[in-house]
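A.B. asks: coords please:
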Amino acid sequence: MYNTDIEKSKERIIGIDESKYICCCGCHIISCARFFSIVSIVLSAITLLFIFPYSYSYEDFQIEWKTFIVSKGIIVVYCVIDIILNAGVLYGIYKIKPAALLPYITVKILFLIIFGLFSIIGLITVTVIIFTGHATGHGVFVWIIGLFFIECLIVYMSYRAYKYLKEVELGRYATVYQMQNVPTYQ
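C.D. replies: Sure thing, here's the model as predicted:
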């Protein structure tokens, strides 16, 4: 759904404060959610395209098959789940169905909790690496913190998009209900 379609649906709704649905970059929250979903789908598809041609060589199974299968399998499962969840976000935006965003928000919050736990373990490891004099530890530390905050921002933006779509949906149904009860004078 394009922004003009959402604008047309908002014309019938009175009382939506658009200023609270602007993202930090000045775009509407729906545009940001759509952008991040499309980018995530494209990046997941590219990741899958680069993993599959090199996934099943005989030498890799001979050398370290357990590590190979687990690492590639986790990446493939994550990419497939990410594509499905982001497709649900795009569907929810297109059809103005806020319930389609809930699986994405729920799974991403669980991912953030798991990622946060692994980040704490990783930060302890990186701290040990930094104090032993390895220069790569600083970059890893910045990467972990940056990735965590970017994921938090995307989840928060998706939640705000959910709230906006919920308000549009409730206003649309309220408007339809009010129109049914309006007496017609002929």
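A.B. asks: burial measure for the nearest residue to Ala45 once chain neighbours are set aside, as a count.
C.D. replies: Take Ala45 and drop its neighbours on the chain: the residue closest to it by Cβ to Cβ, 6 or more residues apart in numbering is Ile83, 6.8 Å away. For glycine as for every other residue, the C-beta is placed from the backbone atoms N, C-alpha and C. Neighbour count for Ile83, taken as other Cβ atoms under 10 Å: 19.
A.B. asks: same question for Val168.
C.D. replies: Neighbourhood size, Val168 [other Cβ under 10 Å]: 20.
A.B. asks: would you list every one of the helices in this structure?
C.D. replies: Ranges of helices within the chain are 3-11, 29-51, 58-95, 102-131, 136-180, based on DSSP state H.
A.B. asks: need the winner for burial among the ones you listed.
C.D. replies: Most buried of those by mean neighbour count (mean count of other Cβ atoms under 10 Å) is helix 29-51; its value is a mean of 17.
A.B. asks: for the closest residue to Ile81 other than its chain neighbours, give me the pLDDT.
C.D. replies: Counting by Cβ to Cβ, 6+ apart, Ile81 lies nearest to Val107, which is 7.0 Å off, once chain neighbours are set aside. Val107 is assigned 93 on the pLDDT scale.
A.B. asks: right, and Val107 touches Leu85 too?
C.D. replies: Yes: in this structure, Val107 is within contact of Leu85 by Cβ atoms under 8 Å, at 5.8 Å.
A.B. asks: quick one on the thing from earlier: quick one: contacts for the residue nearest to Ala45?
C.D. replies: Ile41, Ser44, Ala45 (Cβ atoms under 8 Å, 6 or more residues apart in numbering).
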